[in-house]
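Engineer: sequence unavailable; structure follows:
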């Protein structure tokens, strides 16, 4: 049986491992999303991203 401090240490380690795993999955997923989608050329995706970025920049400039 683990002592309270040992189990706390173990819990911390497992939480850290879980968050690392989640981060890895998210990074893989975002990399996958960057790939061109079937039936949707990557050019239009890039165009949309640029537009979104420009919109945010304009809004920030107007509010600032």
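Structural biologist: Arrived safely, thanks for sending. Everything quoted here is computed from the prediction, not taken from an experiment.

Engineer: what about the helices in the chain?
Structural biologist: Counting by DSSP state H, the chain has these helices, from start to end: 4-34, 42-63.

Engineer: need the contact list for residue 63.
Structural biologist: Listed by CB atoms under 8 Å, 6 or more residues apart in numbering, the contact set of residue 63 is empty. From N, CA and C alone the C-beta is placed, and that goes for glycine too.

Engineer: re earlier: can you list the helices of the chain in a markdown table and add mean pLDDT?
Structural biologist: What follows is the helices of the chain, written out as a markdown table (pLDDT from 0 to 100):
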| stretch | mean pLDDT |
| --- | --- |
| helix 4-34 | 83 |
| helix 42-63 | 67 |
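
Engineer: near residue 27, how many other residues are there?
Structural biologist: Residues within reach of residue 27, counting by other CB atoms under 10 Å, total 10.

Engineer: which residues touch it?
Structural biologist: With CB under 8 Å, 6+ apart, residue 27 has no contacts at all.

Engineer: what's the separation between it and residue 17?
Structural biologist: Using CB to CB, to the nearest Å, residue 27 is found at 16 Å from residue 17.

Engineer: how about residue 24?
Structural biologist: Going from residue 24 to residue 17 by CB to CB gives 11 Å.

Engineer: one more: residue 7?
Structural biologist: Distance check for residue 7 against residue 17: by CB to CB, it reads 15 Å.
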